[in-house]
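Student: Here is the input, now give the coordinates:
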Amino acid sequence: RWLFDQAVCTLYAFCGVLFGLCSLASLTVLSTVCCLKVCYPAYGRCCDALSDSHLLSSLFAAAPLAQWGSYGPEPYGTACCISWDASSREATLYILALLVFCYALPCVLILVSYALMLWTVRVSRRAVRQH
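Tutor: Predicted structure coming up:
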């Protein structure tokens, strides 16, 4: 069972969500920058995009602290996370926003980035073979 009070549970959940979102956002930015460097060499700066992605992750992690969604014990009660059993409309909207903007969109961007890089390498290989 969770051994600490609600404040520690909220802090624990906030840190877990923040670091998880920052990790996926960093992977998304890095794959996108790599794609830009491979496919369009004149573009692609990592520093600005990385700080922006971490800011967005911080906003989504802080949303339950501003009463959009909530943090609480997990079903087994041994750790704390986002309260997935949304009972209010706002909590449901928060979970849907997390799903779309913090999971689905980054995954699609990563897949598209690597697909474009593979396609560019394949086209380049064909061009080299013809010469």
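Student: and the top helix by length along the chain, what does it pack onto?
Tutor: Criterion DSSP state H: the longest helix present in the chain is helix 6-39. The contact analysis (3 or more CB pairs under 8 Å, 6 or more residues apart in numbering; DSSP states H and E) places helix 6-39 against helix 46-62, strand 71-73, strand 80-82, helix 105-130. Placement of C-beta: from N, CA and C, glycine included.
Student: Burial-wise, tell me which of those comes out on top.
Tutor: Across the helices and strands packed on helix 6-39, averaging neighbours per residue (mean count of other CB atoms under 10 Å) puts strand 80-82 on top, at a mean of 21.
Student: So what are the sheet partners of it and their directions?
Tutor: Sheet pairing here is set by DSSP bridges, and for strand 80-82 it gives strand 71-73 (antiparallel).
Student: hang on, E90 in a strand?
Tutor: No. If the criterion is DSSP: H, G, I helix; E, B strand; the rest coil, then E90 is helix and not within a strand.
Student: From what I see, it and W68 are in contact.
Tutor: Yes. Between E90 and W68 there is a contact under CB atoms under 8 Å: 5.7 Å.
Student: which other helices and strands contact the helix or strand of the chain with the lowest mean pLDDT?
Tutor: The helix or strand of the chain with the poorest confidence is helix 46-62; it has a mean of 86 (mean pLDDT, DSSP states H and E). Counting contacts by 3+ CB pairs under 8 Å, 6+ apart, helix 46-62 is packed against helix 6-39.
Student: List the buried residues in the helix it packs on.
Tutor: 9-10, 12-14, 16-18, 21-22, 24-26, 28-36, 38-39 (16 or more other CB atoms under 10 Å).
Student: Any chance you could list what contacts the least confident helix or strand of the chain?
Tutor: 14, 17-18, 21-22, 25-26, 28-30, 32-33, 97-98, 101-102 (CB atoms under 8 Å, 6 or more residues apart in numbering).
Student: which pair in those spans the largest distance?
Tutor: Greatest spacing in the contacts of helix 46-62, by CB to CB: F14 and V33 (27.8 Å).
Student: Can you tell me what sits against stretch 12-24?
Tutor: Stretch 12-24 is contacted from outside by 4, 53-54, 57-58, 60-62, 64-65, 71-72, 79-82, 102-103, 106, using CB under 8 Å, 6+ apart.
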